[in-house]
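> A structural model of the following input is requested.
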Amino acid sequence: MLASTATTAELAGEAKVTDGDTIRIGDTRIRLWGIDAPERRQTCQGRDGCVYDCGRDSAAVFNELTRGRRVG
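Got it, this is the predicted structure:
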């Protein structure tokens with residue numbers, strides 16, 4: 001789902017990860033449809049009871065998937 005009415009051709013470019021399910025291309029914010037990832041500052045509790053930075057981790061994985069690649 002696109003945050004604006006821009007066409008795909010206008011959105012092609014380097015993706016900047018906002019969090020685990022949102023990127024920016026230029027000034028356009030794009031939230032991925034059907035994906036619900038933790039927000040960047042969100043924490044989660046693991047099965048062992050320890051709290052971890054799941055939001056930071058999800059953004060880091062998404063960043064690795066898009067790093068150095070054109071998205072469009």
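
> can you pull out the low-pLDDT segments for the chain?
Along the chain, the model assigns pLDDT under 70 to residues 1-10, 72.

> other SSEs contacting the longest helix along it?
Scanning the chain for the helix with the most residues, using DSSP state H, yields helix 54-66. Packing contacts for helix 54-66, counted by 3 or more CB pairs under 8 Å, 6 or more residues apart in numbering; DSSP states H and E, involve strand 16-19. Bear in mind the C-beta positions are built from the backbone N, C-alpha and C, glycine included.

> now find how far off-centre the following helix or strand past the longest helix of the chain is within its chain.
As assigned by DSSP states H and E, the chain's next helix or strand after helix 54-66 is strand 70-71. Centroid separation between strand 70-71 and its chain, computed with CA atoms, centre = their mean, to the nearest Å, is 13 Å.

> just checking: what are the partner strands of strand 70-71?
Take DSSP bridges as the rule and strand 70-71 pairs in its sheet with strand 13-14 (antiparallel).

> surely Gly46 touches Tyr52?
Yes - the criterion here is CB atoms under 8 Å, and Gly46 meets it with Tyr52 at 6.0 Å.

> more crowded one of these two?
Tyr52 (12 against 9; other CB atoms under 10 Å).

> which residues touch the more buried one?
Tyr52 makes contact with Thr43, Cys44, Gln45, Gly46, according to CB atoms under 8 Å, 6 or more residues apart in numbering.

> distance of it from Thr66?
The gap separating Tyr52 from Thr66 is 23 Å, by CB to CB, to the nearest Å.

> for Gln42, see how far away the residue of the chain positioned farthest from its centre is.
Computed with CA atoms, centre = their mean, the residue of the chain farthest from its C-alpha average is Asp48, at 26.8 Å. As judged by CB to CB, Asp48 and Gln42 stand 18 Å apart.

> try Lys16
19 Å.

> which strand or helix spans the residue farthest from the centre of the chain?
With DSSP H and E as criterion, Asp48 is part of no helix or strand.

> gap between the two ends of stretch 31-39?
Stretch 31-39 has an end-to-end distance of 12 Å (criterion: CA to CA, to the nearest Å).

> give the contact list for Arg40.
Thr18, Asp19, Gly20, Gly55, Arg56, Ala59.
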